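Engineer: any chance you could fold what I've pasted below:
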Amino acid sequence: GVKLFFMQSSGGLTDAQVFQGKDAILSGPAGGIVGMARTAGLAGHDKVIGFDMGGTSTDVSHYAGAFEREFETQVAGVRMRAPMMSIHTVAAGGGSILSFDGSRFRVGPESAGANPGPASYRRGGPLAVTDANVMLGKIQPAHFPRVFGPTADQPMDEVVVRERFQALAAQVGRAPEDVAEGFLQIAVQQMANAIKKISVARGYDVTRYTLQCFGGAGGQHACLVADALGMSRVFVHPLAGVLSAYGMGLADQNVIR
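Structural biologist: Numbers count the residues shown, from 1 in each chain. Okay, here's the model as predicted:
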């Protein structure tokens, strides 16, 4: 006897009876944009750039009082005609793999995913952005639950992260911390460039906006991204880690014809 609604890529809820799968390809990020817009409005920010950084990618969006939608998009190479929130995605997330090909550092586009995950997850994964933050002390394993390793009862592994970065540093002739910092700068630049695409390239002055950061890894990089763009305000909601889910609860029921 419960009314069931599905979230759609357009940012609205629809009744389960008339729901179609094609309308929900980007429903998670769309929930994030609704949550971002509603919470920003309550906090008195009318112009925000959404910075949603998760495990595999970063979704960026522009909001200045109205939701921006696209009616024809390409998702993973497939052309789709369905209303979707205007979202720009780059392959820089907490699990994006760090690599050195002998001449340059690269971040992504491959991701370590949730399994095996970054090296610090104790599942034999590769070095990832999360590990760079562990190396620099921005993520402190003591403050994380003991849910890592094959039996899911161990803390994050700082030792293997340090060993891997030392091996890389020996190849490059730099300190391990410098190497980790270098990778982070590349990731931050990728994210800043994505934001420029949806703001500066379209004639918006990004310095007048508030950077609203959410997603599991957003808080670790928000200040660096804001600095790279010349933005002076960052807004972090208390539910930033689950803002996409929270946003679905704040979404209106709607239909676009």
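Engineer: go through the protein and flag its longest helix.
Structural biologist: What stands out as the longest helix in the chain, according to DSSP state H, is helix 176-198.
Engineer: residue ranges of the helices in the chain, please?
Structural biologist: If you assign secondary structure with DSSP H, the helices in the chain sit at 27-42, 129-135, 158-172, 176-198, 218-229, 243-250.
Engineer: just put those in a markdown table and tack on mean neighbour count, distance to residue 8 and mean pLDDT.
Structural biologist: No exception for glycine: its C-beta is placed from N, CA and C like everyone else's. Formatted as a markdown table, the helices of the chain follow (neighbours: other Cβ atoms under 10 Å; distance: least, Cβ to Cβ, whole Å; pLDDT from 0 to 100):
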| stretch | mean neighbour count | distance to residue 8 | mean pLDDT |
| --- | --- | --- | --- |
| helix 27-42 | 23 | 6 | 92 |
| helix 129-135 | 28 | 30 | 94 |
| helix 158-172 | 16 | 40 | 92 |
| helix 176-198 | 20 | 21 | 93 |
| helix 218-229 | 20 | 24 | 92 |
| helix 243-250 | 20 | 10 | 92 |
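Engineer: I'd like these written out as a markdown table, with distance to residue 106 added.
Structural biologist: Supplementary listing: these in a markdown table, determined by distance: least, Cβ to Cβ, whole Å:
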| stretch | distance to residue 106 |
| --- | --- |
| helix 27-42 | 25 |
| helix 129-135 | 12 |
| helix 158-172 | 12 |
| helix 176-198 | 7 |
| helix 218-229 | 17 |
| helix 243-250 | 28 |
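Engineer: residue 100: what's it in contact with?
Structural biologist: Residues near residue 100 by Cβ atoms under 8 Å, 6 or more residues apart in numbering: 106, 168, 171, 172.
Engineer: do you know how far it is from residue 186?
Structural biologist: Using Cβ to Cβ, to the nearest Å, one obtains 11 Å as the distance from residue 100 to residue 186.
Engineer: give me the common contacts of these two.
Structural biologist: Here residue 100 and residue 186 share the contacting residues residue 106, scored by Cβ under 8 Å, 6+ apart.
Engineer: relative to residue 181, how far out is residue 241?
Structural biologist: In this structure, residue 241 and residue 181 are 25 Å apart, going by Cβ to Cβ.
Engineer: ok, what's across the strand from the residue most central in space within the chain?
Structural biologist: What sits nearest the mean C-alpha location of the chain, by Cα atoms, centre = their mean, is residue 53, with 1.2 Å. In this entry, residue 53 is beta-bridged to residue 58, by DSSP bridges.
Engineer: check what pLDDT it gets.
Structural biologist: pLDDT recorded at residue 53 is 91.
Engineer: contact partners for it?
Structural biologist: Contact partners of residue 53, counting by Cβ under 8 Å, 6+ apart, are 92, 93, 94, 191, 213, 215, 216, 217, 218, 220, 221.
Engineer: quick check: the second one touching residue 54?
Structural biologist: Okay, so that is residue 93. Yes: Residue 93 lies in contact with residue 54 (Cβ atoms under 8 Å); the separation is 5.2 Å.
Engineer: any shared contact partners between these two?
Structural biologist: What both residue 93 and residue 54 touch, as defined by Cβ under 8 Å, 6+ apart, is the set residue 217.
Engineer: sounds good, over and out.
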